[in-house]
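Asker: give the three-dimensional model of this entry:
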Amino acid sequence: MKKVTASFIRIAGVGLVAGCMLAAQSVAGQDAAGRATRADAEKDPVLKAMLVEMDRSMTDLQLKGFAKPFFIQYRIEDVDDFETRAEFGANEGAQRTHQRVARVTVRVGDYKTDSSGGRGDGSLELTGLDDDPIAIRTALWEATDSAYKNALAAYAQKQAALKEVQTQPQADDFSQEKPVIALAARAKLVLDEDAWAKRVAQASGIYRTNAAVQANQHDVQYSNASFHARVTTTWLVSSEGTIVRKPASEYQESFAVGTQADDGMHIDRSYASTGKSLEDLDAPQAFEKHAVEDIASLEELRKAPLVEDEYHGPVLLSADASADTLKSLLANAVVAMRPALGTEARTNGPFASSFHARVLPDFLSVVDDPGLKSFDGKSLVGAYDYDDEGVPAQAVSLVADGRLVNYLIGREPVKDFSQSNGHGRAGVAGAARPAIGVLKISAQDGVSDEELNKKLLQMAKDSGLKNAYSVETLAGAGNPRLLFRMNADGTRQLVRGAELDDIDQRALRSSVAGAGKDLGVTNYFGDVPQTVIAPALLLEDVTVKRANNRNDKLPYYPPPE
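Answerer: Next up is the predicted model:
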């Protein structure tokens, strides 16, 4: 199952979750050049309230004897969320929540040196759902007052800290960006909650209703399914003149099943279908087919032998396993985060000093393109038009012919990168930080899966090894769910109880011996939806060893019938 970062934010004791689908409502207005204007934005009561309060704050907000704000940003997120869960064929309940959260960022100082960092990052308030202008403005007023006080304190602390370091910052604190006005349609969650509750219950009971797998139903120790829908409308207004209204939506249906082998080892399988709309999810028959395959694989895994002694040699990662691996190793490495004060570093993270250096083999390239809405017929949940700082999304070439040529940047510049490239992304009520949108890894002269398997076996033979390994799916970095021992004659055997080691940034740079020509799409449902498009990867030297997981005793008596 693809990772689900189910976000539960608590503000003033209220739980926050979310859901999705685009409504037809849109405010469309244009100037003489065909662009939206402030007058068009003011037709939206939420934006009008934000703009009125912004004008008032920029005029009136100043504590006597202290600096006025040079920048204020208001961001309101309307989050509608529905989730239903079931286990063993019975529904466990559903939750529908709808909330709006206002996040206010106030910066004092100037673009070169401001109050950002620490407590200067912003303030939160819940606001009303009914578009009442006074309610919205009051929430913004309270959050602005708090954010301004925090900014003043943070700015004083930063000024003191700067006097204690010899090396001054290598870049400005905040980038100057051209303001934009973009008014997309609001989003609305529209779905049949009862139908989804029934569908999820049926999916969780497939292990005992489908004839292909019900014979082994007594071996199933858990079988659960869930459906999660999230829709968000974001309104963003800044003192620079940026006005953005943007929708986002994501849906996921998931299934998980588990058992134990005779030696007590826990065995788990899962699957998820994720998309930007209900139409993007698997049809019921297709979803059941995947669930049945997962359930059937439990019996195979129960009987599968444990991995042998520690193995060091070539390992083939499928496109699915490769996407999880590359997300883990690349997604945080290619973002530019401001380094600690007083250092000469360009950024933080494993690629902090890798600019223009080789980080992948020369036949691999990486681009993050949030404007890519679909690939190979699949919608991409990581796509967006404007980031959460109001900057238009840009396609960024990150790695060209194996060399790092760029970073993902928000509005906090780093050395050699003075402008945002539209990758300042935020979770609900969170501060904007650089993050991937649609990360695409492609190989020059990639080969077919059959050729990769042949090369895998040849590499094992050249190293004097009797066999090699192929990973079909992962459950977190280094934890294979489906691992096959590849024999010299081309046959393969399912094995269990393994973990992978030595797959890190160094391995990506020096151990990738080949890549597939076909790219797989993996959507990650979460507070910041992301997509990775990746090929299968053949690594020269990976450690496969016995996992030291706890093996619990089997149940003392059979489950109920």
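Asker: strands of the stretch 51-200 of the chain, start to end?
Answerer: 69-87, 90-108, 123-127, 181-183 (DSSP state E, counting those that start in this stretch).
Asker: next one: the second one to chain centre, how far?
Answerer: Which is strand 90-108. For strand 90-108, the separation from the chain centroid amounts to 17 Å (computed by CA atoms, centre = their mean, to the nearest Å).
Asker: swap in stretch 406-419?
Answerer: Counting by CA atoms, centre = their mean, stretch 406-419 comes out at 20 Å from the chain centroid.
Asker: first-to-last residue distance for that stretch?
Answerer: 12 Å (CA to CA, to the nearest Å).
Asker: kindly report the same for stretch 384-393.
Answerer: Stretch 384-393: ends 7 Å apart by CA to CA.
Asker: what's next to it, contact-wise?
Answerer: With contacts defined as CB atoms under 8 Å, 6 or more residues apart in numbering, stretch 384-393 is touched by 73, 75, 177, 179-180, 182, 184, 234, 236, 238, 242, 244, 246, 248, 370-371, 410-411, 420-426, 432, 437. Backbone N, C-alpha and C define where each C-beta goes, glycine included.
Asker: burial measure for the nearest residue to Gly427 once chain neighbours are set aside, as a count.
Answerer: Spatially, and ignoring its direct neighbours in sequence, Gly427 is nearest to Asp527 (3.5 Å; CB to CB, 6 or more residues apart in numbering). Other residues lying near Asp527 total 19 when counted by other CB atoms under 10 Å.
Asker: now the contacts of stretch 384-393: which count as buried?
Answerer: The neighbour-count test (16 or more other CB atoms under 10 Å) applied to these identifies 73, 75, 177, 180, 182, 184, 234, 236, 238, 242, 244, 246, 248, 370, 410-411, 420-426, 432, 437 as buried.
Asker: so which of these are in strands?
Answerer: If you go by DSSP state E, these have Gln73, Arg75, Ala182, Thr234, Leu236, Ser238, Val244, Lys246, Ala248, Gly424, Arg425 in strands.
Asker: the second one against Leu124, yeah?
Answerer: No. The criterion here is CB atoms under 8 Å, and Arg75 misses it with Leu124 at 10.0 Å.
Asker: for the longest helix anywhere in the chain, name the packing helices and strands.
Answerer: For the chain, the longest helix by residue count, based on DSSP state H, is helix 133-162. For helix 133-162, the contact count by 3 or more CB pairs under 8 Å, 6 or more residues apart in numbering; DSSP states H and E identifies helix 45-60, strand 69-87, strand 90-108, strand 123-127 as packing neighbours.
Asker: mind listing the residues bridging to Tyr469?
Answerer: Counting by DSSP bridges, Tyr469 is bridged to Val315, Arg485.
Asker: that one: neighbouring residues, count only.
Answerer: Around Tyr469 there are 25 other residues, counting by other CB under 10 Å.
Asker: can you give me the strands in the stretch 351-500 of the chain?
Answerer: According to DSSP E, counting those that start in this stretch, the strands that the stretch 351-500 of the chain contains are 364-368, 374-375, 378-379, 396-400, 403-404, 424-425, 433-434, 438-443, 467-474, 480-487, 492-495, 498-501.
Asker: these: which one's closest to Ala515?
Answerer: Nearest to Ala515 among those is strand 438-443 (3.5 Å), distances taken as CB to CB.
Asker: mind listing the helices for the stretch 301-450 of the chain?
Answerer: 319-330, 449-462 (DSSP state H, counting those that start in this stretch).
Asker: now tabulate those helices in TSV and tack on mean neighbour count and distance to Leu404.
Answerer: Compiled in TSV, these are given as follows (neighbours: other CB atoms under 10 Å; distance: least, CB to CB, whole Å):
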stretch	mean neighbour count	distance to Leu404
helix 319-330	23	10
helix 449-462	17	25
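Asker: in CSV: those helices, plus mean pLDDT.
Answerer: Formatted as CSV, the helices of the stretch 301-450 of the chain follow (pLDDT from 0 to 100):
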stretch, mean pLDDT
helix 319-330, 97
helix 449-462, 97
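Asker: between those, which gets nearest to Asp416?
Answerer: Among these, the nearest to Asp416 by CB to CB is helix 319-330 (19.9 Å).
Asker: please identify the deepest-packed of the helices and strands packed on helix 133-162.
Answerer: Across the helices and strands packed on helix 133-162, the average number of neighbours (mean count of other CB atoms under 10 Å) peaks for strand 69-87, which reaches a mean of 23.
Asker: and that one, what does it pack against?
Answerer: Using 3+ CB pairs under 8 Å, 6+ apart: strand 69-87 touches helix 45-60, strand 90-108, helix 133-162, helix 193-204, strand 222-238.
Asker: tell me what the second one is packed against?
Answerer: Judged by 3+ CB pairs under 8 Å, 6+ apart, the packing partners of strand 90-108 are strand 14-16, strand 69-87, strand 123-127, helix 133-162, helix 193-204.
Asker: circling back to that earlier point, which one, of the helices of the stretch 301-450 of the chain, ends up nearest to Leu51?
Answerer: helix 319-330 (38.2 Å).
Asker: next, the angle from that closest one to strand 438-443.
Answerer: Interaxial angle, helix 319-330 versus strand 438-443 (axes from the mean of the first three to the mean of the last three CA atoms, to 10 degrees): 110 degrees.
Asker: CA atoms only for helix 319-330, dumped as CSV, please.
Answerer: C-alpha atoms of helix 319-330 as CSV (Å, rounded to 0.1, in the frame of the first residue of the first chain):
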residue,chain,number,x,y,z
ALA,A,319,9.5,0.5,-10.9
ASP,A,320,7.2,0.4,-7.9
ALA,A,321,10.0,-0.4,-5.4
SER,A,322,12.3,2.1,-7.2
ALA,A,323,9.8,4.9,-6.8
ASP,A,324,9.6,4.3,-3.0
THR,A,325,13.4,4.2,-2.8
LEU,A,326,14.0,7.3,-4.9
LYS,A,327,11.4,9.3,-2.9
SER,A,328,13.1,8.3,0.3
LEU,A,329,16.6,9.2,-1.0
LEU,A,330,16.0,12.1,-3.4
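Asker: before we move on, back to that, what touches both of Arg75 and Leu124?
Answerer: With CB under 8 Å, 6+ apart, Arg75 and Leu124 have common neighbours Ala102, Arg103, Val104.
Asker: is it true that the first one touches Arg137?
Answerer: Right, the one you point to is Ala102. No. Using CB under 8 Å, Ala102 is not in contact with Arg137; the gap is 10.0 Å.
Asker: now Leu317: how far from Gln176?
Answerer: As judged by CB to CB, to the nearest Å, Leu317 and Gln176 stand 43 Å apart.
Asker: of these two, who's got more company?
Answerer: Leu317 (31 against 13).
Asker: from Asn332, how far off is the residue nearest to Gly427?
Answerer: The spacing between Asp527 and Asn332, counted by CB to CB, is 15 Å.
Asker: what about Tyr111, how many residues nearby?
Answerer: 15.
Asker: from Ala426, how far out is it?
Answerer: Taking CB to CB as the measure, Tyr111 falls 21 Å from Ala426.
Asker: again, but for Asp55
Answerer: In terms of CB to CB, Asp55 sits 24 Å off from Ala426.
Asker: show the pLDDT at Ala534.
Answerer: Model confidence at Ala534, given as pLDDT, is 98.
Asker: below-threshold pLDDT in the chain: ranges please.
Answerer: 1-33, 118-120 (pLDDT under 70).
Asker: the residue nearest the centre of it bridge partners, please.
Answerer: Nearest residue to the geometric centre of the chain (CA atoms, centre = their mean): Gln530, 3.8 Å. Bridge pairing for Gln530 (DSSP bridges) gives the partners Tyr524.
Asker: residues in contact with it?
Answerer: So Gln530 contacts Lys327, Ala331, Val381, Gly382, Ala435, Ile436, Gly437, Val438, Leu439, Asn523, Tyr524 (CB under 8 Å, 6+ apart).
Asker: the closest residue to the third one other than its chain neighbours: how many residues sit nearby?
Answerer: Nearest-residue entry for Val381: Pro529, 4.0 Å, with adjacent residues in sequence omitted and distances by CB to CB, 6+ apart. The criterion is other CB under 10 Å. On that basis, Pro529 has 25 neighbouring residues.
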